[in-house]
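*Asks:* I would like the atomic coordinates for the input below:
(one chain, ligands or ions: 1)
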Amino acid sequence: MNESDLPRFSDIDIPRLPQRLASLLDDSRARVAALLAGPPPYGWDNLMSPLEAIDDRLEKFWSPVSHLNGVMNSDELRAAYESCLPLITAYQSEMGQNRPLFEAVQSLADSAGFADLDNARQQAVRHMLRDFRLSGVALEEQERQRFAAIEQRLSELATTFSNNVLDATDGWEKYVEDGAGLAGIPDTALQNFRQQAEAQGRSGYRLTLQIPAYLPVMQYADDRALRRELYEAYSTRASDQGPQAGRWDNGALMVEILQLREEMASLLGFANYAELSLEPKMAESPAQVLDFLTNLVSAAKAQGEGDVAQVRQFAREQGCDTLEAWDIPYYSEKLRERDYAINQEQLRPYFPASKVIDGLFAITGQLFGIRFEAKTDVDLWHPDAQCFRVLDGGEPIAICYMDLYARARKRGGAWMADYCGRRQTDGGVQLPVAFLTCNFSPPTKDRPALLTHDEVITLFHEFGHGLHHMLTEVDVLKVAGINGVAWDAVELPSQFLENWCWQRESIPLISGHYETGEPLPGELLDKMLAARNFQSAMQMLRQLEFALFDLRLHMQPAPGDAAQIQRLLDEVRAGVAVVEAPAFNRFQHSFGHIFAGGYAAGYYSYKWAEVLSADAFSLFEEEGVMSDRTGRKFQQAILARGGSEEALDLFVAFRGREPSQEALLRHSGIVDR
Ligand SMILES: [Zn+2]
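*Replies:* From the prediction side, this is the model:
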């Protein structure tokens, strides 16, 4: 692609966004109408290809806006974004329910020419027909309107839900004047707190609920009351409980979201929303997923109970008789230190961000035969952001942006999104462009950014998504890269790449002391590997609790109030959790994955795909973890293919058989009994 086509963030005219979007959408409508006015028969070139160009233009207008809204939120942008959203949603509903367009695509699928299309093009047509169906194209007029109105309202609710979580997170702060009150907390975090206070023109330390501030308090602060205070503030965000009770409460929103989803499913003839959600996924039915999750609970439960009993016993020895939720990370960290003589902070100096990125490039370079180079002639949204060109045999194949550090008005968590996908155009192939966003502890005045090993894993995870998007060889936009990949297979490449954070062969490539350059010493490496599965069963149960809560929430009749949602969560916890949550805990009120992201009745996807990723990695265990031959095979069978074929077929093509759970349980150190 012409690299001058990359987004110009500084040129985005925020106040005029809604107006510009409206005219772009009108022009798109006119183009679709003109296509349908053309003479049949419809084929790829006179229907699908021009439709793809229309979608592509729209995506390249909207994705930078959506990206900025996530990483550089401002009142002005938020207002413009919120005025734009209904326009986008209305356009999507209209296209999804456009019967003449549906009939045109159907006629293409029924035509003799369909069989002559390649796999990717056939799959794009099939996906499009399925999406028409799931958008209510077949409904009668009145129901169609209702369906579109629901989509509109759901999109508003998702944005409000997210904004509430962001505002509740940013809306809490605590100043501590005297460092003595922060005993136990590592220097990196303290420096960060001091800088935060300085930035506000204050003395002392500023504590916030952003993850790089929250975690060190939970894991290291000796002051139990302080831990409880932060735990309560964090676990009650956007709810009716805690220090900000009632402000930004997501309770009523969650109820409305669930009711609308249920109505949507019923309009399309599904028994519940979980069935609708699973329709385009790899899993066949909610019952199958329920079984899958319940089996993993059985495999992990006893060991998870053992994990907690161990922390409880250890805490008792330290004089803490009632182990509460805000004590668990603290005593767990101490227990890890006792048993493995290691903590996350000890590792941090060995993982400066720049070294980790170089190593990440070296590892993926060797495995997949690619190369990276910094690209400096680009327009960036923040001084922290970076841009890289990906090359294969000297030829550019993709562009990747990274924005790694936490800051205010940046949405928490880590994610990968795309600016555009690979596609064939009249002027050649358009290269895929990815955005990688993380929230790591930023550099301080005296030190470069130093990552914990957990943060290194997060970076590899998101980069795995990025490679899935960037190493695609499919040139049909709808099924290129991450597009069109079944949701429950999307986490395969990301979780797969995490494995290289745990290998003796690859760790020297990503580690080097920030002062001496010395790689992670053998002794520390041994300890880190030995501690890998510390509390793994407990952690797996937590993920299973979220997944079961999400699935059952979307299988049962929609709740009448937020208390009913709480009751279901309590019920799931009673069967799964090994740690009791305090009554004020309102985790679900900030569960953006399922209320504001795409994971509704899909949170199970993480575990589902982890079976695939662990099993895929087991081939590297057999053939060498740095084997470029196996790397190329993975790239060819999975990364290159995107959504152009069924996920299970791609997996089998790589592994030579259907997936097995054995590798996941083995890697997690869980002994199935
Ligand atoms: Zn992911």
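*Asks:* Show me which residues of this protein sit near the ion.
*Replies:* Glu491, Ser494 (Cβ under 5 Å from the ion). The C-beta positions use only the backbone N, C-alpha and C, and glycine is treated the same way.
*Asks:* Just after whichever strand or helix holds Ser23, pick out the following helix or strand.
*Replies:* Ser23 belongs to helix 17-37 when elements are defined using DSSP states H and E. Per DSSP H and E, the first helix or strand lying C-terminal to helix 17-37 is helix 49-71.
*Asks:* Output the helix holding Ser23 as PDB, nothing but the C-alphas.
*Replies:* What follows is helix 17-37, C-alpha atoms only, in PDB (Å, rounded to 0.1, in the frame of the first residue of the first chain):
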ATOM      1  CA  LEU A  17     -16.500  14.400  12.600                       C
ATOM      2  CA  PRO A  18     -20.200  13.800  12.700                       C
ATOM      3  CA  GLN A  19     -20.800  15.900   9.700                       C
ATOM      4  CA  ARG A  20     -18.000  14.300   7.700                       C
ATOM      5  CA  LEU A  21     -19.200  10.800   8.700                       C
ATOM      6  CA  ALA A  22     -22.800  11.600   7.700                       C
ATOM      7  CA  SER A  23     -21.700  12.600   4.200                       C
ATOM      8  CA  LEU A  24     -19.400   9.600   3.800                       C
ATOM      9  CA  LEU A  25     -22.300   7.300   4.800                       C
ATOM     10  CA  ASP A  26     -24.600   9.000   2.300                       C
ATOM     11  CA  ASP A  27     -22.100   8.600  -0.400                       C
ATOM     12  CA  SER A  28     -21.700   4.900   0.500                       C
ATOM     13  CA  ARG A  29     -25.500   4.500   0.400                       C
ATOM     14  CA  ALA A  30     -25.600   6.100  -3.100                       C
ATOM     15  CA  ARG A  31     -22.800   3.800  -4.200                       C
ATOM     16  CA  VAL A  32     -24.600   0.700  -3.000                       C
ATOM     17  CA  ALA A  33     -27.800   1.800  -4.700                       C
ATOM     18  CA  ALA A  34     -25.900   2.400  -7.900                       C
ATOM     19  CA  LEU A  35     -24.400  -1.100  -7.800                       C
ATOM     20  CA  LEU A  36     -27.900  -2.600  -7.400                       C
ATOM     21  CA  ALA A  37     -29.200  -0.600 -10.300                       C
END
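*Asks:* outside of that helix, which residues touch it?
*Replies:* 13, 46-47, 50-51, 54, 57-58, 61-62, 65, 80-81, 83-84, 87-88, 91, 94-95, 98, 100-101, 104 (Cβ atoms under 8 Å, 6 or more residues apart in numbering).
*Asks:* how about 7 Å then?
*Replies:* For helix 17-37, the external contacting residues (Cβ atoms under 7 Å, 6 or more residues apart in numbering) are 47, 50, 54, 58, 61, 65, 80, 83-84, 87, 91, 100-101, 104.
*Asks:* where are the low-confidence patches of the chain?
*Replies:* 1-4, 672-673 (pLDDT under 70).
*Asks:* mind listing what's buried in the helix holding Ser23?
*Replies:* Leu17, Pro18, Leu21, Leu24, Leu25, Ser28, Val32, Leu35 (16 or more other Cβ atoms under 10 Å).
*Asks:* same deal with stretch 309-327?
*Replies:* Gln310, Val311, Arg312, Phe314, Ala315, Cys320, Leu323, Ala325, Trp326, Asp327.
*Asks:* Would you mind pulling up the elements that whichever strand or helix holds Asp526 packs against?
*Replies:* For Asp526, the host element (DSSP H and E) is helix 522-530. Here helix 522-530 touches helix 344-347, going by 3 or more Cβ pairs under 7 Å, 6 or more residues apart in numbering; DSSP states H and E.
*Asks:* Go through the helix holding Asp526 and flag the buried ones.
*Replies:* Leu524, Leu525, Lys527, Met528.
*Asks:* starting at the chain centroid, how far to it?
*Replies:* 29 Å (Cα atoms, centre = their mean, to the nearest Å).
*Asks:* Just after it, pick out the following helix or strand.
*Replies:* Next element after helix 522-530 (DSSP H and E): helix 536-553.
*Asks:* That following helix - contacts with which helices or strands?
*Replies:* Secondary elements touching helix 536-553 (3+ Cβ pairs under 7 Å, 6+ apart): helix 286-317, helix 562-576, helix 605-623.
*Asks:* swap the cut-off to 10 Å and go again
*Replies:* helix 251-267, helix 273-278, helix 286-317, helix 562-576, helix 592-595, helix 605-623, helix 662-667 (3 or more Cβ pairs under 10 Å, 6 or more residues apart in numbering; DSSP states H and E).
*Asks:* Buried deepest among those, which one?
*Replies:* Counting by mean count of other Cβ atoms under 10 Å, helix 273-278 has the highest mean neighbour count of the helices and strands packed on helix 536-553, with a mean of 24.
*Asks:* who touches the residue nearest to the spatial centre of the chain in this structure?
*Replies:* Taking Cα atoms, centre = their mean, the centroid of the chain lies closest to Trp415, which sits 4.5 Å from it. Applying Cβ atoms under 10 Å, 6 or more residues apart in numbering, we find Trp415 in contact with Gly70, Phe435, Leu436, Thr437, Cys438, Asn439, His461, Glu462, His465, Gly597.
*Asks:* Could you do Ile88 as well?
*Replies:* So Ile88 contacts Leu21, Leu25, Leu58, Trp62, Val65, Ser66, Tyr81, Ser155 (Cβ under 10 Å, 6+ apart).
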